[in-house]
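1. fold the following.
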Amino acid sequence: MARNAIRPELAEAREQGFHNIGEAARLSGVSAKMIRHYESIGLIPEAVRTLAGYRLYGDADVHRLGTSRCC
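-> Residues are numbered from 1 along each chain as shown. Got it, this is the predicted structure:
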């Protein structure tokens, strides 16, 4: 999904293979708080958001998070 695409509902996004921040944190081993911090300082690009404002992360985003953690 392109970062400027129409914002989907969370259920629709999950059907397309996207993860919310909690799932991305669990899969990557990086806490949700750190994901938000990385986004705020520009270490990772801003996440696509649903209509309700939930952040969405694809498998590539989760992989990037997993390889960017410190220890």
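2. now the residue nearest to Glu46 when sequence neighbours are not counted. Its backbone dihedrals?
-> Nearest non-adjacent residue to Glu46, counting by Cβ to Cβ, 6 or more residues apart in numbering: Glu39, 5.9 Å away. Every residue, glycine included, has its C-beta placed from N, CA and C. Here is the backbone geometry of Glu39 (degrees, to the nearest 10): phi -70, psi -40.
3. look at Glu39 and report its pLDDT.
-> pLDDT for Glu39: 94.
4. same check on Val48?
-> In this prediction, Val48 has a pLDDT value of 89.
5. without its sequence neighbours, what residue ends up closest to it?
-> Nearest to Val48 is Leu56, by Cβ to Cβ, 6+ apart, at 4.6 Å.
6. so the one you found makes contact with Val62?
-> No. Leu56 is not in contact with Val62 according to Cβ atoms under 8 Å; the separation is 11.0 Å.
7. look at the two and report which has more neighbours.
-> Leu56 (24 against 21; other Cβ atoms under 10 Å).
8. any idea how far Arg49 is from the more buried one?
-> From Leu56 across to Arg49, the span is 7 Å (Cβ to Cβ, to the nearest Å).
9. equivalent analysis for Glu39, please.
-> Taken as Cβ to Cβ, the span from Glu39 to Arg49 is 11 Å.
10. got any residues that touch both of those two?
-> Arg55 (Cβ atoms under 8 Å, 6 or more residues apart in numbering).
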